[in-house]
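S.K.: output the structure for:
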Amino acid sequence: MSVTVLPIPKTLVLIGLMGAGKTSIGKRLAAKLGLPFVDADHEIERAAGCTIQEIFDRFGEAGFRDGERRVIARLLDQPVQVLSTGGGAFMDEATRQTIRDHGISIWLRADLDLLVHRTARRDHRPLLRQGDPRAVLGRLMDVRYPVYAQADLTVDSDDSPPDVTTDRVIAALRHWLGDADSTAA
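M.R.: Residues are numbered from 1 along each chain as shown. This is a model prediction of the structure:
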């Protein structure tokens, strides 16, 4: 894969609901831009020495969000990279402000059917254990999408191949950064 030359001034922070493709697209985006990829959830688990589910079980969502806030702030203090965040990270005002100050937020927006389909394959998502996954995701969309809309960029994540969505992100970045060649990806 060839590297796309694009001057990225700050860490690219992918936000969106679980199943939107933050990790999949993030890895491809990092490879195409020649940047490191970091998954905030993996870094949280590493820092805590246990899984996210165990953090939720022991400390609740508030305890998890506190750790998440600190880990994301630390990651944003590092050199430019592509950072995939958990679905609730951007909902925290302090985390959102840190992302605004030190990153470029990119919302991967997906519709309910796609999210239900993608999340049905895994059972490690604590919030989906709180009832019917479709209903839970629908409620999360109602609450989170208006906040996600504050992101610097919004790119639709659909059932296209991941490389197509990645190219959409690069095109949106080019346009947002004012690159003269914003039509090439």
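S.K.: after the biggest helix by length in the chain, next one along is what?
M.R.: Identified as the longest helix of the chain according to DSSP state H is helix 52-76. Using DSSP states H and E, the helix or strand that follows helix 52-76 towards the C-terminus is strand 82-84.
S.K.: could you list the low-pLDDT ranges of this structure?
M.R.: Applying pLDDT under 70 to the chain flags the ranges 1-3, 121-131, 179-185.
S.K.: where do the strands sit along it?
M.R.: In the chain, the strands defined using DSSP state E lie at 11-15, 37-39, 82-84, 103-109, 153-156.
S.K.: quick one on the thing from earlier: buried sites along the longest helix of the chain?
M.R.: Residues of helix 52-76 classed as buried: 52, 55, 64, 65, 67, 68, 69, 71, 72, 73, 75, 76 (neighbour count, 16 or more other Cβ atoms under 10 Å). (C-beta placed from N, C-alpha, C; glycine too.)
S.K.: again, but for stretch 75-93
M.R.: Those would be 75-76, 80-92, for stretch 75-93 by 16+ other Cβ under 10 Å.
S.K.: try stretch 103-112
M.R.: Across stretch 103-112, burial judged by 16+ other Cβ under 10 Å covers 103, 104, 105, 106, 107, 108, 109, 110.
S.K.: how about the residues you listed in JSON lines, adding distance to residue 19?
M.R.: Converted to JSON lines, the buried residues of stretch 103-112 look like this (distance: Cβ to Cβ, whole Å):
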{"residue": "103", "distance to residue 19": "22"}
{"residue": "104", "distance to residue 19": "22"}
{"residue": "105", "distance to residue 19": "18"}
{"residue": "106", "distance to residue 19": "16"}
{"residue": "107", "distance to residue 19": "14"}
{"residue": "108", "distance to residue 19": "10"}
{"residue": "109", "distance to residue 19": "12"}
{"residue": "110", "distance to residue 19": "7"}
